[in-house]
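> Following is a predicted model, sequence given first.
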Amino acid sequence: MLNKLSIALLGLTAVVMSSNSASAVTLKVNAGPFSTYSDVKTVNFNDGTAKDPNGFVTYSNITDNIVIGSKSSHYASPYNTNSHYLTIAPVGSKVGGVNVAGSTGSVTLDFKEAIDYFGFYAGSIDEYNFIDIYSGGQKLKTFSGSDFPTAIANGSWTSEDANKFINLVGENGETFDRVVMRTNGIAFETDNHSYRLANRSVPEPNAMLGLLAIGAFGATSVVKGLKDKIVKG
């Protein structure tokens, strides 16, 4: 009987501790051009490069992707943006025989530490713009421009509906360490990349004891119920 009760106690404690294990990355949108989340670090490209002044994210597959202003059929400055920004076009893109800036097909952002939030100002959103989210080399989720809530993916340069700040939020402890931005058409323009380092601290001892106490309390109820059943039986 004691062995069975011990197993019940351990099992119930495990259930309590894993009850919040579900995780997801969700999309939330606000008007641009900046993140509304707290404790974020930002890469704004204002120096004409794709370098993180904070040193936590590395951009790869960058050539002439950092531009300023607009060029018809090539790239368009995000609405109300007058500074440098990132543009991506399909590999080898040409218009009228002229190479399109940023024709690398994709740009990868690798983070030195896990993050639980990434946001960016998306200009002239198109349905062929994509974001891939990875953790430890495993793809967690892919979003396209048509997935951005409240946004209209019609490529407008001047409509606030097609120029939104996109927030990718790790829910219930979800973290990620790589973001791939890519496009199948001309072009994918973004600015003010913002991210938040995940909380990597372990639970405080008192908090853990409290959690175990909850499990023990539930298990005690099970034990009491079993005892009452034995006595009555």
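The structure has been received and is ready for your questions.

> Who does whichever helix or strand Phe118 is part of pair with, and is each partner parallel or antiparallel?
Using DSSP states H and E, the secondary-structure element containing Phe118 is strand 106-123. Strand pairing for strand 106-123, determined by DSSP bridges: strand 57-60 (antiparallel), strand 164-171 (antiparallel), strand 176-183 (antiparallel), strand 188-197 (antiparallel).

> Figure out which of these is closest to Ser35.
strand 188-197 (4.0 Å; CB to CB). Every residue, glycine included, has its C-beta placed from N, CA and C.

> The nearest residue to Thr175 once chain neighbours are set aside: neighbour count?
Residue nearest to Thr175 in three dimensions, not counting chain neighbours: Ala114, with 3.9 Å by CB to CB, 6 or more residues apart in numbering. If you count neighbours by other CB atoms under 10 Å, Ala114 ends up with 16.

> for the one 4 residues further on, same thing?
Here the count is done by other CB under 10 Å, and Phe118 has 25 residues near it.

> Touching, it and Leu168? I think so.
Yes - judged on CB atoms under 8 Å, Phe118 makes contact with Leu168 at a distance of 4.8 Å.

> got the contact list for the spatially most central residue of the chain?
Closest to where the C-alpha atoms of the chain average out (CA atoms, centre = their mean) is Leu168, at 3.6 Å. Contact analysis of Leu168 by CB atoms under 8 Å, 6 or more residues apart in numbering lists 25-27, 117-119, 131, 133, 143, 179.

> could you redo the last one with a cut-off of 7 Å?
Counting by CB atoms under 7 Å, 6 or more residues apart in numbering, Leu168 makes contact with 25, 27, 117-119, 131, 133.

> what residue ranges in the chain score low on pLDDT?
Confidence mapping of the chain against pLDDT under 70 gives the ranges 1-23, 200-233.

> Outline the domain layout of the chain.
Domain ranges of the chain: 2-14+203-232, 23-197, per automatic domain parsing.

> just those: most buried one?
For those, ranked by mean neighbour count under the definition mean count of other CB atoms under 10 Å, the leader is domain 23-197 at a mean of 18.

> start to end distance for stretch 173-191?
In stretch 173-191, first residue to last residue: 26 Å (CA to CA, to the nearest Å).

> Could you give the separation of it from the chain centroid?
The gap between the average C-alpha position of stretch 173-191 and the chain average comes to 9 Å, counting by CA atoms, centre = their mean, to the nearest Å.

> Repeat that for stretch 53-69.
Averaged C-alpha coordinates place stretch 53-69 at 18 Å from its chain's average position (CA atoms, centre = their mean).

> With stretch 95-106 instead?
With CA atoms, centre = their mean, you get 27 Å for stretch 95-106.

> Spell out the residue ranges of the helices in the protein.
Under the criterion DSSP state H, helices of the chain are mapped to 2-17, 205-232.

> rewinding a little: could you report the separation of the residue nearest to Thr175 from Lys51?
According to CB to CB, to the nearest Å, Ala114 and Lys51 sit 21 Å apart.

> And for Asn172?
Distance, Asn172 to Lys51, by CB to CB: 32 Å.

> coming back round to it: between all of the contacts of Leu168, which two are separated the most?
Checking the contacts of Leu168 against each other with CB to CB, the farthest-apart pair comes out as Tyr117 and Ile131, at 13.3 Å.

> C-alpha coordinates for stretch 114-132, PDB please?
Backbone C-alpha positions of stretch 114-132 (Å, rounded to 0.1, in the frame of the first residue of the first chain) are rendered in PDB as follows:
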ATOM      1  CA  ALA A 114      17.400  32.400 -26.500                       C
ATOM      2  CA  ILE A 115      14.700  35.100 -27.000                       C
ATOM      3  CA  ASP A 116      11.000  35.000 -26.300                       C
ATOM      4  CA  TYR A 117      10.100  38.000 -28.400                       C
ATOM      5  CA  PHE A 118      11.000  39.400 -31.900                       C
ATOM      6  CA  GLY A 119       9.300  42.300 -33.600                       C
ATOM      7  CA  PHE A 120       9.900  44.400 -36.700                       C
ATOM      8  CA  TYR A 121       8.300  47.100 -38.700                       C
ATOM      9  CA  ALA A 122       7.000  45.600 -42.000                       C
ATOM     10  CA  GLY A 123       6.700  47.900 -45.000                       C
ATOM     11  CA  SER A 124       4.300  47.400 -47.900                       C
ATOM     12  CA  ILE A 125       3.400  43.900 -46.700                       C
ATOM     13  CA  ASP A 126       2.900  41.200 -49.300                       C
ATOM     14  CA  GLU A 127       1.500  37.700 -49.000                       C
ATOM     15  CA  TYR A 128       4.800  36.300 -50.400                       C
ATOM     16  CA  ASN A 129       6.800  37.700 -47.500                       C
ATOM     17  CA  PHE A 130       7.700  34.900 -44.900                       C
ATOM     18  CA  ILE A 131       9.100  34.600 -41.400                       C
ATOM     19  CA  ASP A 132      10.500  31.200 -40.200                       C
END
